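> Requesting a structural model of the entry that follows:
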Amino acid sequence: MKPKKHRESTIEFESGNKVVLLNNGDEFVPDLVEEITRASKEVLIETYEFAEDDVGKSVFEACKKAVANGAEVKLTIDAYGSSDFCSENFIFEFVKAGIKIYLYEPKHRLPFNAQAYGRLHRKLAVIDNKIAYVGGVNLTEKYTLQFGEAGMRDFMLRIEGPATDQVRTHCLENIPDDESYKDEATLKPATARGDAKLALTCRDNHVGRRRAIETCYLDAINEAKQSITLACAYFFPGLRLRHALRKAADRGVKVRLIFQKKPDLPLVLTAARSHYGHFLHHGIEIYEYKTRPLHAKVAAIDDNWCTIGSSNLDPWSLTLNLEANILVKDSTLTRELCGELETLIDESEAINKADYGRWVSLKSIGYRVSWWFFRLLLKFAVLIKVGNPLVRRLYRDGDAIDNTAKRLDGNKQTVEHERIDTRNSERAKCT
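This is a model prediction of the structure:
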């Protein structure tokens, strides 16, 4: 089967940025908290998981200080992803502190739970439009060393410079329209602070962005001349990406793929392994990271291109979820990320043809069944994802809770207002 013809991306890079690579929540969360505490104008945060733990509480305290400084604070969390980690009372502590809370909550009309498909999976933050963060770390202690061997391995990128405005623009797209910041003119992005060229690419339902991240990966892979090192938590992409990786290896590019050996969903690894034989046949190196759970979605290509973000290379990230990856053209950062990827490889188990030959004889049927299961599940998810997603703003007004819902259809947006009297209705929840 031949892949569909690839159309190159038209994304433009913005120069003059300073970037810092942050490892896990151990480096990201303290840095974020410190910058939020200093904020005086605006704080925007998007995350899939937000937990009522030490990380969530530290972010809450920082946000309260930002509000006291006069900053407008807006926190958007995925209602499904955070439902098991934060209580209703914790969420409304934010509301009472003057922090604006938005719940991404896709609307569904089916009797069973269709919310698991098409989630807000991005991890973004912007402080006073001067500093931004993009990557894959959620705001929970699961991404810190204090969580022990179960702590997730992932990265965030700290950005200072003109590209922060790209992150702010995307954050504002996904919250209900309300009053703009009191002095918008003071929120102009920082002037040039460094040499890195950046471009934020987001996958959502806006026309032209439905396959934006996949397209950018294809562009970079097709142009690779020396090396491709890719780490991904969930990997079972479509034919075009698999074909591009094999073609790169065939023309002499050193291709290395790093996956997690013990994912939270074992069937995910089984699906990924269904393609090991084809990759190994073309000389692609495969490693399974075994030290900690691998949550990273990063890649380094040649010596001057890398990406860090939230998007896995699987059907959910590439065609359903709201995702965000930052693309970077900077030799210094690319070398640094390559160093981190070498560390992952050193802590991984190398997969070779002999090992895979044993698996083929025992498990090849299971691999293929898993692959087709996920492909059919994707088609099913597209069918049951009825209606357009909503983002709800929650705030307290006496004994009532107001919900403002913004419908996200990618082309036309409408705002619905609903007033719920808590004396007669169940209070709004995270779920």
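> can I assume K262 is in contact with V268?
No. Using C-beta atoms under 8 Å, K262 is not in contact with V268; the gap is 10.6 Å. Where C-beta positions appear, they are placed from N, C-alpha and C, glycine not excepted.
> Between the two, which has more neighbouring residues?
Between K262 and V268, counting by other C-beta atoms under 10 Å, V268 is the more crowded of the two (20 against 14).
> Can you tell me the closest non-neighbouring residue to the more buried one?
Once flanking residues are discounted, V268 sits nearest to Y234: 5.2 Å by C-beta to C-beta, 6 or more residues apart in numbering.
> From D264, how far out is the one you found?
To D264, Y234 is 10 Å away according to C-beta to C-beta, to the nearest Å.
> Those two: which is more packed in?
Set Y234 next to D264 and count neighbours by other C-beta under 10 Å: Y234 wins out with 25 against 12.
> Which pLDDT does the model give the more buried one?
The model reports Y234 with a pLDDT of 90.
> Let me see the contact set for it.
Residues in contact with Y234 (C-beta atoms under 8 Å, 6 or more residues apart in numbering) are P263, V268, A272, N312, L313, D314, W316, S317.
> got JSON lines for those, with secondary structure and distance to R335 too?
As requested, the contacts of Y234 are exported to JSON lines (DSSP: H, G, I helix; E, B strand; the rest coil; distance: C-beta to C-beta, whole Å):
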{"residue": "P263", "secondary structure": "coil", "distance to R335": "29"}
{"residue": "V268", "secondary structure": "helix", "distance to R335": "30"}
{"residue": "A272", "secondary structure": "helix", "distance to R335": "28"}
{"residue": "N312", "secondary structure": "coil", "distance to R335": "25"}
{"residue": "L313", "secondary structure": "strand", "distance to R335": "23"}
{"residue": "D314", "secondary structure": "coil", "distance to R335": "28"}
{"residue": "W316", "secondary structure": "helix", "distance to R335": "31"}
{"residue": "S317", "secondary structure": "helix", "distance to R335": "27"}
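> Name the nearest of those relative to V43.
S317 (26.2 Å; C-beta to C-beta).
> From D303, how far off is the residue lying closest to that closest one once chain neighbours are set aside?
What sits nearest to S317 in space, not counting adjacent residues and going by C-beta to C-beta, 6+ apart, is S311, at 4.4 Å. Separation of S311 from D303 (C-beta to C-beta): 23 Å.
> again with A71
Going from A71 to D303 by C-beta to C-beta gives 39 Å.
> More neighbours: the two, which one.
Using other C-beta under 10 Å as the criterion, A71 and D303 rank with A71 on top: 23 against 14.
> Could I get the full set of helices for the stretch 151-300 of the chain?
Secondary structure of the stretch 151-300 of the chain by DSSP state H, counting those that start in this stretch: the helices cover 164-173, 212-223, 239-250, 266-273, 276-281.
> Buried residues of the host helix or strand of T334, list them for me.
In this assignment (DSSP states H and E), T334 forms part of helix 331-346. For helix 331-346, a neighbour-count test (16 or more other C-beta atoms under 10 Å) marks L333, T334, E336, L337, C338, E340, L341, L344, I345 as buried.
> roughly how far out does the helix or strand just after it sit from the chain middle?
With elements assigned by DSSP H and E, the helix or strand that comes after helix 331-346 is strand 348-351. Chain-centre distance of strand 348-351: 26 Å, with C-alpha atoms, centre = their mean, to the nearest Å.
> just stretch 129-144 next, same as before
10 Å.
> what's the answer for stretch 121-128, then?
10 Å.
> average pLDDT for that stretch?
For stretch 121-128, mean pLDDT is 96.
> and if you look at stretch 297-305?
Stretch 297-305 shows an average pLDDT of 97 in the prediction.
> and that stretch, C-alpha only, in PDB?
Presented in PDB, the C-alpha positions along stretch 297-305 are these (Å, rounded to 0.1, in the frame of the first residue of the first chain):
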ATOM      1  CA  LYS A 297       7.200  13.300  22.800                       C
ATOM      2  CA  VAL A 298      10.400  14.800  21.400                       C
ATOM      3  CA  ALA A 299      12.600  14.400  18.400                       C
ATOM      4  CA  ALA A 300      16.000  15.700  17.200                       C
ATOM      5  CA  ILE A 301      16.900  15.700  13.600                       C
ATOM      6  CA  ASP A 302      20.400  16.400  12.200                       C
ATOM      7  CA  ASP A 303      22.100  19.100  14.300                       C
ATOM      8  CA  ASN A 304      19.700  22.000  14.000                       C
ATOM      9  CA  TRP A 305      16.000  20.900  14.300                       C
END
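> Buried residues, that stretch. List them.
K297, V298, A299, A300, I301, D302, W305.
> Contacts only, for A125.
Taking C-beta under 8 Å, 6+ apart, we find A125 in contact with L32, V43, L44, I45, E46, A132, Y133, V167.
> Now neighbour count, secondary structure and distance to T191 too, for those residues, in a markdown table please.
Listed next are the contacts of A125 as a markdown table, based on neighbours: other C-beta atoms under 10 Å; DSSP: H, G, I helix; E, B strand; the rest coil; distance: C-beta to C-beta, whole Å:
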| residue | neighbour count | secondary structure | distance to T191 |
| --- | --- | --- | --- |
| L32 | 26 | helix | 22 |
| V43 | 27 | strand | 21 |
| L44 | 23 | strand | 20 |
| I45 | 24 | strand | 24 |
| E46 | 28 | strand | 25 |
| A132 | 29 | strand | 15 |
| Y133 | 24 | strand | 19 |
| V167 | 27 | helix | 16 |
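> ok, the closest residue to T334 other than its chain neighbours - contacts?
Nearest residue to T334, sequence neighbours excluded (C-beta to C-beta, 6+ apart): C306, at 4.6 Å. Shown in contact with C306 (C-beta under 8 Å, 6+ apart): V298, A299, A300, L327, V328, D330, L333, T334, L337.
> For the fifth one, what is the enclosing helix or strand?
Think V328. Going by DSSP H and E, V328 is in strand 323-329.
> If you count neighbours, what's buried in that strand?
Judged by neighbour count (16+ other C-beta under 10 Å), strand 323-329 contains these buried residues: E323, A324, N325, I326, L327, V328, K329.
> Check which helices and strands that strand sits against.
The contact analysis (3 or more C-beta pairs under 8 Å, 6 or more residues apart in numbering; DSSP states H and E) places strand 323-329 against strand 131-135, strand 155-160, strand 196-203, helix 212-223, strand 305-309.
> I am finished for the moment; much appreciated.
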